[in-house]
Each structure stands twice: as C-alpha cells, then as structure tokens.
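Colleague: got a predicted structure plus its sequence, pasted below:
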Amino acid sequence: MSIGLEHYLVLSTALFSIGLYGALAKKNAVVILMSIELMLNAVNIAMAAFSNYIVPVLLTGQVFVIFIIVVAAAEAAIALAIIMNIYRNRETTEADKFDLMKW
C-alpha cells in the first residue's frame, strides 16, 4: 500500500480543522496563535502534496512552503512579543480582554 495524495489531504484537513476549532473556541491568545500556526502547517502539507503529485520534477511547491514557514516564524515572533506586552499591561492573555484600541 502506497501513500497517495488522498492521505496527505485527509491529514491536512484534519490538522486544519483542529486549528480552526482552536482559533475559534479558545480564549487564550497563545492557544489561538498556536492554532493559527497549526492551520498554516496544514496548508503547507497540502501544498507540498499537490506539488509533488502534479509536477514531481519541479520544486515550486516546496519553495512556497519554505516561504510560508519563514513568514509564519516571523508572524509568531511578532505576535508573541505583542502578547507579552499586553500581558505586562493587562496581566491576562484572554482575547476577550484585549480592548487596547478602544477609547
């Protein structure tokens, strides 16, 4: 039995669904950030799988995956810094309490 495109897409769908649930249902900002990272990794798996099965000779999908990973790492670093600053000021990481833009 070989692993086909369907297996990768089922894995990607499951990871994306778990990440979507975490991003919508949880209140902790760090958990929401981790859920968004999980969703980005699910998209990376799907993109690499499609690239490998559509054009196996070219590495265009893998190059895009590397760019997405770099952007996700930068996004995570900036988001964690923002969350740490909000925690210092508000002493909470609940997303409901982030009302810094209100007058």
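Modeller: Yes, it's here. Just so you know, these numbers come straight off a predicted model, no measurement behind them.
Colleague: output the below-cut-off pLDDT ranges for this structure.
Modeller: Judged by pLDDT under 70, the chain has its weakly predicted residues at 100-103.
Colleague: where do the helices of it begin and end?
Modeller: 5-25, 29-54, 60-90 (DSSP state H).
Colleague: what's the most buried one of those?
Modeller: Each of those was assessed for mean neighbour count using mean count of other C-beta atoms under 10 Å. The highest is helix 29-54, with a mean of 18. C-betas here are computed from N, CA, C, even on glycine.
Colleague: what angle separates that one from helix 60-90?
Modeller: Computed by axes from the mean of the first three to the mean of the last three C-alpha atoms, to 10 degrees, the angle separating helix 29-54 from helix 60-90 equals 180 degrees.
Colleague: tabulate the helices of the chain (JSON lines), appending distance to Asp96.
Modeller: As requested, the helices of the chain are exported to JSON lines (distance: least, C-beta to C-beta, whole Å):
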{"stretch": "helix 5-25", "distance to Asp96": "13"}
{"stretch": "helix 29-54", "distance to Asp96": "10"}
{"stretch": "helix 60-90", "distance to Asp96": "11"}
